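J.: After the sequence you'll find the predicted model.
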Amino acid sequence: RLRMRGPLVFPRSVTLGAGGLFAVPLADVVGRAAQDLASFDVQARSLLDASVGVANGSVVGDALSDLAPLALTLSMAASAWLVVNARSKEYRQRIVKAVTVLFSMHFLVLLPAVEVVIKPIAHRLRPDVIHHHTFSFPSGHTSSATFMSGVFLFILLPAVIDVLRDRQPDLRLPSQLTAPATQMALWVSWSSATGLGRILADAHWLSDTVAGGLLATCLLGLTMGYTSGLLSGEAQSAD
């Protein structure tokens, strides 16, 4: 048996703090028509236009926006690989349970909360009129990328590496792959790059992307505690 390193879990202060910070722009958008955020968002957009250029910004923005579906695709692939390659029935059942919780939180809680509940209530228009068929606050792409990249980096990738090491004890993988500092740096970069892409694509204001990231961080933190218990402990033994 090989003892697995438990997946990273956010401290409760991070989870609660992200939820509390999300409430700040939400209150501004819903309660006061985003008066406090409007000038801040316009200045941020102007700065990006000056740095990247309007023409280049659209191309870069569309490319960075694809980081959201990439996070989902990688998480699905890692989940399928874990189910297929688990070497014990008991561990396979735990993987299935954890994956069910993770994807349910994404598809049945996070996305409906953003698209069905919060956006219609906030009723905030997007920067470009071409996108006015849907509302802006918060960013669905950024919230999805933040949540699913966290699922992949903090939960699924460490589990994949542990299974690989269990199946091939002589396998040498860089320890930095699952180092907390590396995980956090990649996660923040993934989320930030997606948010930047949505702004450059004229689909969102800066505050939309920040709010989407905060909401996803809160829900990710809530989910981590349960799934960590399922995927930590001793690695599976061979059937």
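T.: Arrived safely.
J.: Show the low-confidence segments of the protein, by residue range.
T.: 1-8, 32-36, 53-57, 131, 232-239 (pLDDT under 70).
J.: Could you point out the longest helix of the chain?
T.: The longest helix of the chain (DSSP state H) is helix 206-231.
J.: how about the helices in the protein?
T.: 12-32, 35-52, 54-65, 67-85, 89-104, 111-112, 119-122, 140-150, 157-167, 180-200, 206-231.
J.: With respect to burial, which of these scores highest?
T.: Most buried of these, by mean neighbour count (mean count of other Cβ atoms under 10 Å): helix 140-150, with a mean of 29. (Each C-beta comes from the backbone N, C-alpha and C, glycine too.)
J.: now the angle between helix 89-104 and it, please.
T.: Counting by axes from the mean of the first three to the mean of the last three Cα atoms, to 10 degrees, helix 140-150 lies at 160 degrees to helix 89-104.
J.: got the CA positions of helix 140-150 in PDB?
T.: Extracted as PDB, the C-alpha positions of helix 140-150 are listed here (Å, rounded to 0.1, in the frame of the first residue of the first chain):
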ATOM      1  CA  GLY A 140     -19.900  32.700 -15.900                       C
ATOM      2  CA  HIS A 141     -16.700  31.900 -17.800                       C
ATOM      3  CA  THR A 142     -14.500  33.100 -14.900                       C
ATOM      4  CA  SER A 143     -16.500  31.300 -12.300                       C
ATOM      5  CA  SER A 144     -16.500  28.100 -14.200                       C
ATOM      6  CA  ALA A 145     -12.700  28.400 -14.900                       C
ATOM      7  CA  THR A 146     -12.000  29.200 -11.300                       C
ATOM      8  CA  PHE A 147     -14.000  26.300 -10.000                       C
ATOM      9  CA  MET A 148     -13.000  23.600 -12.500                       C
ATOM     10  CA  SER A 149      -9.300  24.500 -12.600                       C
ATOM     11  CA  GLY A 150      -9.300  24.300  -8.800                       C
END
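J.: who touches it?
T.: 65, 67-68, 71-72, 74-75, 105-106, 110-111, 114-115, 119, 186-187, 190-191, 194-195, 197-198, 203-204, 208-209, 212-213, 215-217, 219-220, 224 (Cβ atoms under 8 Å, 6 or more residues apart in numbering).
J.: Give me the angle between that helix and helix 180-200.
T.: 160 degrees.
J.: between helix 140-150 and helix 12-32, how big is the angle?
T.: Here helix 140-150 points in a direction 170 degrees away from that of helix 12-32 (the same axes, to 10 degrees).
J.: Run the chain-centre distance for helix 140-150.
T.: Helix 140-150 sits 3 Å away from the centroid of its parent chain (Cα atoms, centre = their mean, to the nearest Å).
J.: ok, now stretch 86-104?
T.: How far stretch 86-104 lies from its chain's middle: 20 Å, per Cα atoms, centre = their mean.
J.: And residue 181, how far from residue 153?
T.: 12 Å (Cβ to Cβ, to the nearest Å).
J.: actually residue 93, sorry about that
T.: 24 Å.
J.: next one: residue 99
T.: Distance of residue 99 to residue 153, computed by Cβ to Cβ: 15 Å.
J.: now residue 183
T.: 5 Å.
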